[in-house]
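> can't give you the sequence, but here's the structure:
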Ligand SMILES: O=C1O[C@H](COP(=O)(O)O)[C@@H](O)[C@H](O)[C@H]1O
């Protein structure tokens, strides 16, 4: 499979979110068949949270063993733990609270209730990721070879919304986070979109995912989507940077697709 993006265009945002939900359920079931568990990295934003609502409404959702799904977040807002601004709080309300999850598999970045600075919360999230990676590695290495554990667990699928300014996760144009090439998690100061303090995976972390799904709807996103797919620079257009190891999918609606280069367009039939 190619790391180059593939674009699937859906008639409107409702059809889009139902289609992403169906794909996500299938992906999680497939990963559980293969590995005995599945790992998803969630996004905030309109389509990200709407997709979780669509999963909650899906007749296929019980096909997933939700107690064996590992949840991580691509970014989180550094505010109080129960703030409605938190991507995790929105995800819990949309879906997670209605599922029979294993709480030890739900990895929410820290909040102002636990940490005095966004850097401490980012370091803690990186530590959690490394611990999960080490545990996964220990379970995998059966022949006793002393290989070094990776710093990140396997991400089967990683979802990303895109802002009108082309930000992904909390990596904003021209800011330090999108320029980061070493750290896997960063603390973000001065986010142009409130709230100003955030924790984010970086591109080096995002691009370890097996599949990256860019989930976008609305005409206010058309410019960002068009630039990202036309190959703009990642620092100026962060949405141009994400690449899954085996697949990069842009799942978008017609309004968001208005400026997509024609050679990349593939329209999904209504209802998919
Ligand atoms: O702030 C954020 O924004 C983006 C996109 O949000 P949208 O409401 O414009 O769809 C989101 O993907 C990201 O996770 C979030 O923290």
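Arrived safely, thanks for sending. Worth saying up front: this structure is predicted, and the values here are computed from it rather than measured.
> CA atoms for contacts and neighbours, from now on please.
Noted.
> Counting neighbours, what do you get for the closest residue to residue 189 other than its chain neighbours?
Closest residue to residue 189 apart from its sequence neighbours, by C-alpha to C-alpha, 6 or more residues apart in numbering: residue 197 at 5.0 Å. By other C-alpha atoms under 10 Å, 20 other residues sit near residue 197.
> Residue 239 now?
32.
> check contacts around it.
Residue 239 is in contact with 162, 166-168, 224-225, 228, counting by C-alpha atoms under 8 Å, 6 or more residues apart in numbering.
> pLDDT at the one residue sitting closest to the centre of the chain, what is it?
In the chain, the centroid-proximal residue (C-alpha atoms, centre = their mean) is residue 159; its distance is 3.0 Å. pLDDT recorded at residue 159 is 99.
> Could you do residue 139 as well?
For residue 139, the model assigns a pLDDT of 85.
> again with residue 182
97.
> Tell me how many other residues crowd the closest residue to it other than its chain neighbours.
Spatial nearest neighbour of residue 182, excluding adjacent residues (C-alpha to C-alpha, 6+ apart): residue 204 at 7.2 Å. As a burial measure, residue 204 scores 18 neighbours (other C-alpha under 10 Å).
> Run through the residues that contact the residue in the stretch 51-200 of the chain positioned nearest to the ligand.
Nearest to the ligand, among the residues of the stretch 51-200 of the chain, is residue 161, at 3.3 Å (C-alpha to the nearest ligand atom). By C-alpha under 8 Å, 6+ apart, the contact list for residue 161 reads 43-48, 168-169, 214-216.
> of the residues you listed, list those near the ligand.
43-47, 168-169 (C-alpha under 6 Å from any ligand atom).
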